[in-house]
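1. Provided below are the primary sequence and the corresponding predicted coordinates.
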Number of protein chains: 2
Amino acid sequence: MKALVLDGALSVRDIEKPRRASGEVLIAVKKAGICRTDHEIVNGYIPNFSGVLGHEFLGVVAEADDASLIGRRVTAEINAPCGVCEMCRRDLERHCPHRTVLGINGRNGAFAEFVSVPRDTVVSIPDDIPDALAIFMEPLAAAYEILEQVHITADHSVLLLGDGKLAMLIALVLKQTGCRLQVVGKHARKLTLIKEMGIPQTLMLAAFVNGQYDVVVEASGNPEAFALAVANTRPRGTFVLKSTYVQHLTYNPSPIVVNEITVVGSRCGRFPNAIRFLQEYKPPLQKMITAEFPLAQAVEAFDRAKQSDALKVLLTV
Amino acid sequence: MKALVLDGALSVRDIEKPRRASGEVLIAVKKAGICRTDHEIVNGYIPNFSGVLGHEFLGVVAEADDASLIGRRVTAEINAPCGVCEMCRRDLERHCPHRTVLGINGRNGAFAEFVSVPRDTVVSIPDDIPDALAIFMEPLAAAYEILEQVHITADHSVLLLGDGKLAMLIALVLKQTGCRLQVVGKHARKLTLIKEMGIPQTLMLAAFVNGQYDVVVEASGNPEAFALAVANTRPRGTFVLKSTYVQHLTYNPSPIVVNEITVVGSRCGRFPNAIRFLQEYKPPLQKMITAEFPLAQAVEAFDRAKQSDALKVLLTV
């Protein structure tokens, strides 16, 4: 089968079709999305990763132990946990120390004609969610993760740093809480799009004046935003860190201590909230799709996705 | 009056006795304690601070608007808030942006014969707490601050990094929660003292094996402990940062995101819990007093307090 393989460099190759193990589901991939994490892996974020990338996808079940699943439109949660460790027993499978992670760590991903995943990670996609929007399930769940971790209400002032794909989804999710949301970014066109999607308060970083927010969410991916986030969190406020940085920070954490700030690291979320959000609010995520490439042109798709104006770039299989 | 003045360097000098403003209380200082923060200020932690150092003290009221206070044994909360801002209205006076801080920022401290403080910061010391133990009120309140911010119970495994003065007080306070507490330090004699004060699990850093703790408290003051603290916090666990570092860290916060760790900056606490703790548990804090110097020898006292075996060094006025 055709797949986008990272092996030092990226290339589309013919590789062996995955053999479905018992307990797994083999999915014929239809669409997949390129994420910032994919670029980071190419740049060495996960040392020694080699294999098929891709963790945002939609497909159709081709083989399963349970024959009734065959033909179902599905995606999959990206963390494949062991199911028996302390984290799994605490309902924190996403933190299972024995987990593999789809297209990220120890498990081939979905930029391929087929992908095989554990049965328990498979999530059915309702008919009223179109293929192209189902791609957003994983990052949308990651946006929702913030609300699982931090109680944000209409009483709160929230500053969101970033105007990229994840920041846009976070803005849409946070807006539902009724909070006073200020989005700050560096890209006028992306900020305009955020405004078009119903978030009135957007601002270019150059025009931003420091403030004291109850909650600051850092989703820009820019290491310089770390200190900016701390400086804009009020004493006893909460700083949600969504970005992972390739580079080290040089930073003195004293303001975190002096102002008794709570820093909350936030990563993957659960899919059910994201599914309901898509069904109930019908956010105009189509606007976030920059381009669509066939899998055979996946390397070109990566190049397109890297450009600073790009938002979601899709692969069609 | 005699006072220890920082003005580029430290020296004991004769300076003018403070004039009590209306609303303030003039206190004749009897004993004071040297804190790590005092050393940090001498080393430039607060740029441009000059004046009288000292924020741990016990004294007797000499002058007050309310004559009934005269003669009372007292200390004072170190933060002098404005009383009318948003933080003050939220009962977070310790974070008032307009505050002055005793012997730390904008207000002369207690290494002097007299100190004048706002009436609302004065705290009465019950008769059953001896002078030398009253000195511990401020750092003990800072230890208690952790329990105001983080819910720690007998269900939790807690790692405490540090074996200095603040770490010892934190150990004593945390132990009351019934948590499984492991203390890790670099000084065999200090760890032995911690054990003598009733904390069974102590370990030299060299013998420590990384683990996964529900809560990690970093109170060592050593910037290298920051990464160690993160590495030992379980996914979704809490890392309480008590230390302020003079140096910058070079650090990649990705593990905080990936493991969804909550970092809680923790600083000053309220005095009432500390007072009750001293009355009810009668912790053997006398063991922590390394030496006592007259105010005239305060510079020598600072030198003694700097030595690695030193714990609390007192000044007697």
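-> Nice, thanks for sending it over.

2. going forward, measure contacts between C-alpha atoms and count neighbours the same way
-> OK.

3. and stretch A:187-197, how far out from the chain's middle?
-> 19 Å (CA atoms, centre = their mean, to the nearest Å).

4. ugh, wrong one, I meant stretch A:49-66
-> 17 Å.

5. and that stretch, does that touch chain B?
-> No: Stretch A:49-66 stays clear of chain B (CA under 8 Å from any CA of the partner chain), getting no nearer than 15.9 Å.

6. and the residue nearest to residue A:85 when sequence neighbours are not counted, what pLDDT?
-> By the measure of CA to CA, 6 or more residues apart in numbering or on different chains, the closest residue to residue A:85 outside its immediate chain neighbours is residue A:96, 6.9 Å from it. Here, the pLDDT recorded for residue A:96 equals 94.

7. Spit out the contact partners of residue A:96.
-> By CA atoms under 8 Å, 6 or more residues apart in numbering or on different chains, the residues touching residue A:96 are A:81, A:82, A:83, A:85, A:86, A:87, A:88.

8. Can you select the buried ones from the residues you listed in ChimeraX?
-> Applying 16 or more other CA atoms under 10 Å in any protein chain shown to the contacts of residue A:96, the buried members can be selected in ChimeraX as follows:
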select /A:81,83,87,88
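
9. Show me which of the contacts of residue A:96 is closest to chain B.
-> Closest approach between the contacts of residue A:96 and chain B, by CA to the nearest CA: residue A:87, at 8.2 Å.

10. so what secondary structure elements neighbour the one helix or strand that closest one maps to?
-> For residue A:87, the element it lies in under DSSP states H and E is helix A:86-89. The criterion is 3 or more CA pairs under 8 Å, 6 or more residues apart in numbering or on different chains; DSSP states H and E, and there are no helices or strands that helix A:86-89 contacts.

11. Any residue of the longest helix seen in chain A touching chain B?
-> Using DSSP state H, we find that the single longest helix of chain A is helix A:137-149. No: against chain B, helix A:137-149 shows no contacts by CA under 8 Å from any CA, the least distance being 9.1 Å.

12. Show me what counts as buried in that helix.
-> By 16+ other CA under 10 Å, the buried positions in helix A:137-149 come out as A:137, A:138, A:139, A:140, A:141, A:142, A:143, A:144, A:145, A:146, A:147, A:149.

13. That one: what's the following helix or strand?
-> In N-to-C order, the element after helix A:137-149 by DSSP H and E is strand A:157-161.

14. what's the next secondary structure element after that following strand?
-> Scanning forward in sequence from strand A:157-161 by DSSP H and E, the next helix or strand is helix A:165-175.

15. Return the closest of the buried residues of helix A:137-149 with respect to chain B.
-> Chain B lies nearest to residue A:149 out of the buried residues of helix A:137-149, by CA to the nearest CA, at 9.1 Å.

16. list the contacts for the closest one?
-> A:264, A:266.

17. what about the spatially closest residue to residue A:16 that is not a sequence neighbour, distance to residue A:309?
-> Of all residues not flanking residue A:16 in the chain, residue A:1 sits nearest, at 6.0 Å (CA to CA, 6+ apart). As judged by CA to CA, to the nearest Å, residue A:1 and residue A:309 stand 32 Å apart.

18. Near the closest residue to chain B within the stretch 51-200 of chain A, how many other residues are there?
-> For the stretch 51-200 of chain A, the residue closest to chain B is residue A:95, as judged by CA to the nearest CA, at 6.2 Å. If you count neighbours by other CA atoms under 10 Å in any protein chain shown, residue A:95 ends up with 22.

19. Please state the backbone phi and psi of it?
-> phi -110, psi 10 (degrees, to the nearest 10).

20. which residues does the most centrally placed residue in chain A contact?
-> Against the mean C-alpha coordinate of chain A, by CA atoms, centre = their mean, the closest residue is residue A:139 at 2.8 Å. Residues near residue A:139 by CA under 8 Å, 6+ apart: A:166, A:169, A:268.

21. Test my guess that the second one contacts residue A:145.
-> I take that to be residue A:169. No: contact criterion CA atoms under 8 Å: residue A:169 and residue A:145 do not qualify, at 11.5 Å.

22. what about stretch A:124-140, how long is it end to end?
-> Its start and end residues considered, stretch A:124-140 measures 16 Å (CA to CA).

23. I'd like to know the average pLDDT value across that stretch.
-> The average pLDDT within stretch A:124-140 is 95.

24. what about the nearest residue to residue A:76 once chain neighbours are set aside, how many neighbours?
-> Excluding the flanking residues, the one nearest residue A:76 by CA to CA, 6+ apart is residue A:122, at 4.3 Å. Applying other CA under 10 Å, we find 18 other residues in the vicinity of residue A:122.

25. Could I get the contacting residues of residue A:122?
-> A:25, A:74, A:75, A:76, A:77.

26. What parts of chain A come near chain B?
-> A:95, A:235, A:241-254, A:256-267.

27. among those, which ones are buried?
-> Applying 16+ other CA under 10 Å to these flags A:95, A:235, A:241-246, A:249, A:252-254, A:256-267 as buried.

28. Narrow the residues you listed to those in strands?
-> A:235, A:241, A:249, A:262, A:263, A:264, A:265 (DSSP state E).

29. The third one touches residue A:227, doesn't it?
-> No: between residue A:249 and residue A:227 no contact is recorded; they are 9.4 Å apart, counting by CA under 8 Å.

30. Grab the nearest non-local neighbour of the residue sitting furthest away from the middle of chain A.
-> Here the centre of chain A is the reference, and by CA atoms, centre = their mean the most remote residue is residue A:258, at 32.3 Å. Nearest non-adjacent residue to residue A:258, counting by CA to CA, 6+ apart: residue B:267, 5.9 Å away.

31. Tell me where the stretch 201-317 of chain A has helices.
-> A:224-231, A:254-258, A:271-281, A:298-306 (DSSP state H, counting those that start in this stretch).

32. Out of those helices, which is the most enclosed?
-> Sort the helices of the stretch 201-317 of chain A by mean neighbour count, taking mean count of other CA atoms under 10 Å in any protein chain shown, and helix A:254-258 sits at the top with a mean of 21.

33. where does chain A dip in pLDDT?
-> Across chain A, not a single residue meets the criterion (pLDDT under 70).

34. what's the neighbour count on residue A:211?
-> Using other CA under 10 Å, residue A:211 is surrounded by 11 other residues.

35. list the contacts for it?
-> Neighbour list for residue A:211: A:232, A:233 [criterion: CA under 8 Å, 6+ apart].

36. What backbone torsions are found at it?
-> Note on residue A:211: backbone dihedrals following degrees, to the nearest 10 are phi -140, psi -170.

37. Relative to residue A:173, how far out is it?
-> From residue A:211 over to residue A:173 (counting by CA to CA), the distance is 22 Å.

38. Same question for residue A:158.
-> Here the distance between residue A:158 and residue A:173 works out to 12 Å (CA to CA).
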